[in-house]
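Asks: Sharing a sequence plus its predicted fold:
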Amino acid sequence: MEALLQAATKTCPFLKQASVSTLRSFTTSPNSLFKTAQSCPVMARAIAVQANLNNMATASVPRCPVSHHGNRPSHQSITHHNNTHNSKRFFTTSPSRSHAAAVPEGVSSVNSASLPPHGLPTAKTNFSYADNTATTSPPLPRHNPAMNVKVDAATYAPPKGEAFDYDAFYEQELNKKHQDKSYRYFNNINRLAQKYPRAHTGTGKEVTVWCSNDYLGMSKHPQVIESMKQTLDKYGAGAGGTRNIAGNAQLHLSLEQELASLHKQEAALVFSSCFVANDATLSTLASKMPGCVIFSDASNHASMIQGIRHSNAKKHVFRHNDLAHLESLLAQYDTSVPKIIAFESVYSMSGSVGPITAICDLAKKYNALTFLDEVHAVGMYGNSGGGVADLINVMPDVDIITGTLGKAFGVVGGYIGMLVTASFFFTNEGFYLSSVLPVSLAGKAALVDVVRSYAPGFIFTTSLPPAIVAGSLTAIRHLRSSQMERALQQHHTLELKNRLADLGIPVVPNPSHIIPVLVGDAEVSKQVSDELLAKYDIYVQSINFPTVAVGEERLRITPTPGHKAELMEPLIDALTTIWRERGLRMNKDWEAAGGKAGVGCGIEVAQMVTPESYADVLGMPQARIPIAATA
């Protein structure tokens, strides 16, 4: 966008005077943008001409309740005919994997702070995961002045006999995004391997990236890069085919063996991404087991939700981290009914953590399989980087673990690992889950073979390039033996949480490495993000609806080993200045207002990783534990 503006300013005096943030602000208010455009002699004429060409009269579209979609689409938006949960959905603290509520007309919104938290810490894990719930009402009707057509969430449909106007449809859909402030902006950020975590924008300006999911900086690790270079020279750029047609190299097999070993599983399977892995695995297993019922956490990622939808299996959605609700649903079914409990370890936008031990206990009690997404935890937790299940030593209790080769491992791709302590029998009607009993090694690995043999997302796609596989393999092996990257990342996370707590900057309380700074307004959150980038050379992406609930908009900060004091101080100073100059709510203000997303609610959250666990690795005095009681 910056490069385009530079060219445009030569001919347009308005663009020459306007900043990028000013222009972007117009897109959140079509009325302002349209009014401004009409004052331009060039645009005014173009609007008039286009209006004549469109010849569109004002029309009203019937209102209907809405299921909002995002990178975390709601379970309600993919409801099956046999869905059993209510249309009224619940939000978690700030679910990256949260689902916006579809609420019938006449149902008023509920403040998340007014409802009790779900999922208190268990004694075994000794850390907590906060949760608040809320609902939203359907959005107000939208109006696109350029089209002179009033629209709501219903899809554009012309009168019978009139040609479908594709451009009008596209404009309407985008207009919805702008109106509810869910439109996503894509900043031009080019990360610099030799200056990590620095990057340059499209104009060449260097900035510090504070929101990357390259959590441990492995994308620039010399060993990873060197292994990829050598593999590229030896085997070329592409894999040459699908896994069963010329694309199944020894590197792929070695990577799967390494992943199975990492998670103490019997077998693993690599996919092009974890989105595909989740979708393919859930849809395949649930569709093949007759009568299978899936129990899905309300804050699950879109990939899991899509897999559930594609399976056409019956599903129940349990409130985020609500064990009592989950058990009440499981208890409705006999042990003869195959069941899958799908949940996550670390929920990326709130930082909340799933009660893995307790869910595994319920799975054993009710004869269900556990499907654990460790995407934001692999590489980050445990002595070998196996994730939260590794940290709390319950990996053998989890049936199916999914993870990513991006994020902490710094490359790209996804995978599943399985330790299936259950017998499967195949008939003409599908697979049957018989009992949760120890079986042979072949039986344990059979489930991976089922996915490999039946999942279209695995079968019908070119396998990962050899260089990508080699880089992933190198990163995993390094992080299985090295504690330094994890220790530095954990230290920087705790230090930043401490500093922000001391200053009263509102951080959503959680036990993980995610630092969500609560803003509470979509437009302001975007403005703060733009100001950080333009004025302070700091890039932190704003997170708005539908990724998080309306009123819980935030900045998602993810410290890495490279975010040392000389980079942390400018961030803290910038946030302090912006909060003061804009008069944004501090912790005390949220508390006075009744709290939001766990902020100002007096929630104490013990951290999964404490200074005692990494002080020796860093050779430093033990730092103080983050102040959580003031959150």
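Replies: Everything's here; your move.
Asks: where does Ala534 land on pLDDT?
Replies: At Ala534, the model reports a pLDDT of 96.
Asks: typo on my end, Phe424
Replies: Predicted confidence (pLDDT) at Phe424: the value is 45.
Asks: what does Met418 give?
Replies: Confidence at Met418, expressed as pLDDT, is 82.
Asks: do you know how far it is from Leu269?
Replies: Taking Cβ to Cβ, to the nearest Å as the measure, Met418 and Leu269 are separated by 8 Å. Placement of C-beta: from N, CA and C, glycine included.
Asks: So between the two, which is more surrounded?
Replies: Using other Cβ atoms under 10 Å, the more surrounded residue of Met418 and Leu269 is Met418, with 29 against 25.
Asks: isn't the more buried one right up against Ile400?
Replies: Yes: contact between Met418 and Ile400 holds when scored by Cβ atoms under 8 Å: they sit 5.2 Å apart.
Asks: what residues are shared contacts of Met418 and Leu269?
Replies: Taking Cβ atoms under 8 Å, 6 or more residues apart in numbering as the contact rule, Met418 and Leu269 both touch Val448.
Asks: I'd like to know which elements the helix or strand hosting Ala467 is packed against.
Replies: Element membership for Ala467, per DSSP states H and E: helix 466-481. Other helices and strands packing on helix 466-481, by 3 or more Cβ pairs under 8 Å, 6 or more residues apart in numbering; DSSP states H and E, are helix 222-235, helix 250-262.
Asks: The shortest one: what's the following helix or strand?
Replies: What it means is helix 250-262. strand 267-271.
Asks: mind listing what that next one pairs with, with the direction of each?
Replies: Paired neighbours of strand 267-271 in the sheet (DSSP bridges): strand 414-418 (antiparallel).
Asks: just to revisit the earlier point, what residues does the helix holding Ala467 touch?
Replies: 216, 218, 221, 223-225, 227-232, 234-237, 239, 249, 251-252, 254-255, 258-259, 262, 270, 379, 384-385, 405, 408-413, 464, 485-486.
Asks: buried subset of these?
Replies: Neighbour counting by 16 or more other Cβ atoms under 10 Å classes 216, 218, 221, 224-225, 227-228, 231-232, 235, 239, 249, 251-252, 255, 258-259, 262, 270, 379, 384-385, 405, 408-413, 464, 485-486 among the contacts of helix 466-481 as buried.
Asks: For Met418 and Ile400, list the residues in contact with both.
Replies: Common neighbours of Met418 and Ile400, using Cβ under 8 Å, 6+ apart, are Leu447.
Asks: Let me see the domain layout of this structure.
Replies: Under automatic domain parsing, the residue ranges defining each domain of the chain are 19-82+144-179, 190-209+483-618, 259-455.
Asks: Buried deepest among those, which one?
Replies: With neighbours defined by mean count of other Cβ atoms under 10 Å, none of the domains of the chain is more surrounded on average than domain 259-455, at a mean of 22.
Asks: Spell out, range by range, the helices that occur in the stretch 351-500 of the chain.
Replies: All helices of the stretch 351-500 of the chain, identified by DSSP state H, counting those that start in this stretch, fall at 356-366, 388-391, 441-454, 456-459, 466-481, 484-503.
Asks: which of those helices has the lowest average pLDDT?
Replies: helix 441-454 (a mean of 73).
Asks: and the angle from that one to strand 414-418?
Replies: With axes from the mean of the first three to the mean of the last three Cα atoms, to 10 degrees defining the directions, helix 441-454 sits at 150 degrees from strand 414-418.
Asks: from now on call the first residue 26
Replies: Right, with 26 as the first residue, what we last looked at is helix 466-479.
Asks: Counting by contacts, list what helix 466-479 packs against.
Replies: Under the contact rule (3+ Cβ pairs under 8 Å, 6+ apart), helix 466-479 is packed against strand 292-296, helix 299-313, strand 439-443, strand 449-452, helix 481-484.
Asks: Tabulate those in JSON lines, adding columns for distance to Val532.
Replies: Formatted as JSON lines, those follow (distance: least, Cβ to Cβ, whole Å):
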{"stretch": "strand 292-296", "distance to Val532": "34"}
{"stretch": "helix 299-313", "distance to Val532": "27"}
{"stretch": "strand 439-443", "distance to Val532": "29"}
{"stretch": "strand 449-452", "distance to Val532": "45"}
{"stretch": "helix 481-484", "distance to Val532": "37"}
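Asks: Among those, single out whichever gets nearest to Ala622.
Replies: With Cβ to Cβ as the criterion, Ala622 lies closest to helix 299-313 of those, at 25.6 Å.
Asks: Contacts only, for the residue nearest to Gly404 when sequence neighbours are not counted.
Replies: Distances taken as Cβ to Cβ, 6 or more residues apart in numbering put Ala433 closest to Gly404, at 2.8 Å, once the chain neighbours are dropped. Counting by Cβ under 8 Å, 6+ apart, Ala433 makes contact with Tyr240, Leu241, Met243, Val403, Gly404, Met405, Gly410, Leu504.
Asks: wait, doesn't the first one sit right on Thr518?
Replies: Going back to what we said before, that points to Tyr240. No: under the criterion of Cβ under 8 Å, Tyr240 is not in contact with Thr518, lying 9.8 Å apart.
Asks: what touches both of these two?
Replies: Common neighbours of Tyr240 and Thr518, counting by Cβ under 8 Å, 6+ apart, are His538.
Asks: measure stretch 566-575 end to end?
Replies: According to Cα to Cα, to the nearest Å, stretch 566-575 extends 17 Å from its N-terminal end residue to its C-terminal end residue.
Asks: can you give me the mean pLDDT across it?
Replies: Across stretch 566-575, pLDDT averages out at 91.
Asks: Export the helices and strands packed on helix 491-506 to TSV and append columns for mean pLDDT.
Replies: As requested, the helices and strands packed on helix 491-506 are exported to TSV (pLDDT from 0 to 100):
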stretch	mean pLDDT
helix 247-260	98
helix 275-287	96
